[in-house]
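> Provided below for reference: sequence and predicted model.
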Amino acid sequence: MGAAACALALASVPTSAPALPGKGGEIDPVVVTRTLTRHTPEFKRCLGRRFKSDDELVGTIVILFTIGEAGVVTSAHVEEDTVGHGVEACFVRVIEGVRFPPPTSGTPTIERRFVFDT
C-alpha cells in the first residue's frame with residue numbers, strides 16, 4: 001500500500017466537520033480533522049491489509065459517528081461504501097477508538113467522507 005493513497009484518503013477529509021443539522025451539538029471542525037489525522041497509521045494499516053498497490057484502491061467510504069460529551073465516540077456506522085474488502089469495518093473500528101476533545105456543546109454527529117481515486 002503506497003503512501004499516496006492514504007495521503008489522498010486523509011486529504012479528502014473535509015476541513016469542516018459541522019454536526020448534521022438538528023443532530024446533537026457542536027465541535028470545532030479543525031479539532032475533528034486534527035484528531036483523525038493523528039490516527040493516520042491506523043487507517044494505513046486498514047488499507048495495507050487489503051491492497052497491494054494504489055491502483056487497486058478506488059471508491060468512497062462515508063462514516064457517520066457521534067461524539068459524546070466526554071469526547072468518546074458513542075456510535076459509528078458506515079453510510080456508504082464502494083471500496084469493500086472490509087476496509088469500511090476497519091475504519092469504523094479506528095474511529096470508535098478515537099478520543100476527541102469534549103464538544104463545545106451537546107453530542108455532535110459527524111459525517112466523514114474518505115475518497116480514494118487513483
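Right, received. Where do you want to start?

> Any regions of the chain where pLDDT drops low?
Scanning the chain for pLDDT under 70 picks out the ranges 1-23, 49-55, 118.

> For it, which segments count as strands?
Assigned by DSSP state E, the strands in the chain fall at 59-67, 73-81, 109-116.

> Just give me the neighbour total for residue 93.
Close neighbours of residue 93, defined as other CB atoms under 10 Å, add up to 12. C-betas here are computed from N, CA, C, even on glycine.

> returning to that earlier point: ok, which of the strands of the chain comes nearest residue 32?
Closest approach to residue 32 among the strands of the chain is made by strand 109-116 (6.1 Å; CB to CB).

> Name the strands paired with the closest one and say parallel or antiparallel.
With DSSP bridges as the test, strand 109-116 is paired with strand 59-67 (antiparallel).

> Residue 28 - nearest residue in space that isn't next to it in sequence?
Spatial nearest neighbour of residue 28, excluding adjacent residues (CB to CB, 6 or more residues apart in numbering): residue 104 at 7.0 Å.

> how deep is that neighbour tucked in, by neighbour count?
Per other CB under 10 Å, the neighbour tally for residue 104 reads 11.

> and residue 47, which of the strands of the chain is closest to it?
Once the strands of the chain are compared by CB to CB, strand 109-116 is nearest, at 8.4 Å.

> list the buried ones in that closest one?
Residues 109-112, 114-116 are the ones in strand 109-116 that count as buried (16 or more other CB atoms under 10 Å).

> now stretch 40-50
Judged by neighbour count (16+ other CB under 10 Å), stretch 40-50 contains these buried residues: 42-44, 46-47.
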